[in-house]
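1. Next comes the sequence, and after it the predicted model I'd like to discuss.
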Amino acid sequence: MTTVQLYCALPVRACNSYRMASHIPALPQSFTPGTDSVFSDQSGFYSLDSNVPGLSKVILDKLNMKDYGEYRAAVGGKLQGISFRNYKEMFQKMEETFKFCASCNKLPEHLAEGQALKRCVKCLNVYYCTKECQRVDWPQHKRACKTLRLVAVDRLVEWLIFTGDLPFPTGTWSKTATEVRNWEDWFAMQGDLTPRLDAILSSPNMAAIWKNASRSKPDDSELRQSVWRIQSEFLSRVLSVGVAVKHFGLDPYVKPLTIHLVGASYNETMGARLTDCDELTHMFPEHQGMEVVMVGPEVVDGPILRPPLRAFGPRKQVYISAHKGLYHQFWEDVVEEEEAAKPDLVVGFHPGFHANRGLLEGWLPTLLLLRDYNIPSFFTMYSEMELQSSLHILTELEMHIRDSGQNPFTSQKPEQVQSCPNKPPVYCNSHYISFQGLLPRKELEEPRPEN
Ligand SMILES: [Zn+2]
Ligand SMILES: [Zn+2]
């Protein structure tokens, strides 16, 4: 694996102290990605060949955008000149990013005069330049076609998160956090979700999607499932934080907890509301107060962008704040200045540092900081493959790995590997690694016998 080879060139013990490590430049401007990977100027890019969803250069070229930041600003309607004028145009542009031949990778501009890409009628997700290309691809595509149909519906319905129709409210928990081990247990407490799902199905924004998208509206049962999948992705993040709290034996009934979400992305902070982590209060009712601080260079402006608490938050409430910047910088500028409480736990969703060298370099100061300050840390991954690559890197860093495996609160929404749609889909937060501190040295465990 290139990632690991590149990494091994770094002297691990030489940057034993986080202070030294912070001199390693983050995401150098000169970094040139290979032809098989994605630009990594911004941490939002992931290598598509690492089976992680993301935006490829092809997609950005299509949208006439130079980088991920520009794309995000446009989706958020904040970029003058490039902003989408209306939903129809936005959905069209999004769809155009999927328009390449899934078999030979031809783009529309590579086609002969009068030739057009045709969409697979079953999934309405992948395109082909010719019947022959479709025929050649079918043995691979037939395994993915059904799931890709769900993905195509979800990427439109997902817009309801940004309009505020989703997430729908969830009920208080009738069981303890220890008793609720997985989705099945969670569902058992929620009762019938249908009325809540149906309220979203009949919302004006749902109607607007199908008026503007270039496809017909799926039937209600398909839409209900899609709404649930999107809600599950949202809940998966909060529930994963709860899993991490339990993993490290932190007790929110004994003392207030400060949780830092490191590498918080555009997805998590765009349109974020102060109530977004309330599921933690359902999970630990009567807790002593929890604070969630989202930190990352992609944090989006909004109500949660407010200073963190210096000490304890209000009891029985989750206080969310956010800070735009790299985590090690936040630590130096804010935590060390005692303007923010030290974290009891740090959680990262899909850090992606396994994907390429640029991302790893960006993450390195943070990883070493977490290690050297002995902070309980919990990171999630998209797949078993990402888990293995990430474990390899963390082991090279001599992190003390506590546990790793499948997350019982995996998102139910399949994510397509956009440039290779026939690859098996991945799922948000499907795996996790928990780690804390430096791996104990063998010689410390086995002291020499005294004479
Ligand atoms: Zn083709
Ligand atoms: Zn298909």
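-> Happy to help now that I have it. Ligands and ions are numbered 1, 2, ... in the order given.
2. going forward, measure contacts and count neighbours with C-alpha atoms only.
-> Noted.
3. mind listing what Ala272 touches?
-> 302-304 (Cα atoms under 8 Å, 6 or more residues apart in numbering).
4. and which of the residues you listed is nearest to ligand 1?
-> Gly302 (43.3 Å; Cα to the ion).
5. Could you find the closest non-adjacent residue to Thr380?
-> Closest residue to Thr380 apart from its sequence neighbours, by Cα to Cα, 6 or more residues apart in numbering: Tyr432 at 4.2 Å.
6. In its sheet, which strands sit next to the helix or strand where the one you found lies, and in what direction?
-> Assigned by DSSP states H and E, Tyr432 belongs to strand 431-438. Using DSSP bridges, the strands paired with strand 431-438 are strand 377-381 (antiparallel), strand 399-406 (antiparallel).
7. residues in contact with stretch 165-179?
-> Residues contacting stretch 165-179 (Cα under 8 Å, 6+ apart): 160-161, 185, 189-190, 196-197, 200, 203, 205, 231, 234, 246, 279, 282-284.
8. What parts of the stretch 51-200 of the chain come near ligand 1?
-> Residues of the stretch 51-200 of the chain that fall close to ligand 1, judged by Cα under 5 Å from the ion: 101, 104, 129, 133.
9. one step back: and the contacts of Ala272, which are buried?
-> Buried by 16 or more other Cα atoms under 10 Å: Ile304, out of those.
10. OK, now which residue of the stretch 251-400 of the chain is nearest to ligand 1?
-> Taking Cα to the ion, the stretch 251-400 of the chain has Ala355 as its residue nearest ligand 1, at 27.8 Å.
11. What backbone torsions are found at that residue?
-> phi -70, psi -40 (degrees, to the nearest 10).
12. quick one: Lys316 is in a helix?
-> No. Per DSSP: H, G, I helix; E, B strand; the rest coil, Lys316 lies outside any helix segment and is coil.
13. Could I get the pLDDT score of it?
-> With respect to pLDDT, Lys316 scores 94.
14. swap in Asp137?
-> At Asp137, the pLDDT recorded in the model is 96.
15. Start from the N-terminal end of the stretch 51-200 of the chain and give the strands.
-> Secondary structure of the stretch 51-200 of the chain, counting by DSSP state E, counting those that start in this stretch: strands at 118-119, 127-128.
16. Likewise for the stretch 301-450 of the chain?
-> 318-324, 345-349, 377-381, 399-406, 414-415, 426-427, 431-438.
17. Most tightly packed of those?
-> strand 377-381 (a mean of 27; mean count of other Cα atoms under 10 Å).
18. Please give the centre-to-centre distance between that strand and its chain.
-> 11 Å (Cα atoms, centre = their mean, to the nearest Å).
19. Just the CA trace of it, in CSV.
-> Presented in CSV, the C-alpha positions along strand 377-381 are these (Å, rounded to 0.1, in the frame of the first residue of the first chain):
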residue,chain,number,x,y,z
SER,A,377,-10.0,8.4,21.1
PHE,A,378,-12.6,6.7,18.9
PHE,A,379,-12.4,6.9,15.0
THR,A,380,-14.9,5.4,12.6
MET,A,381,-14.3,4.0,9.1
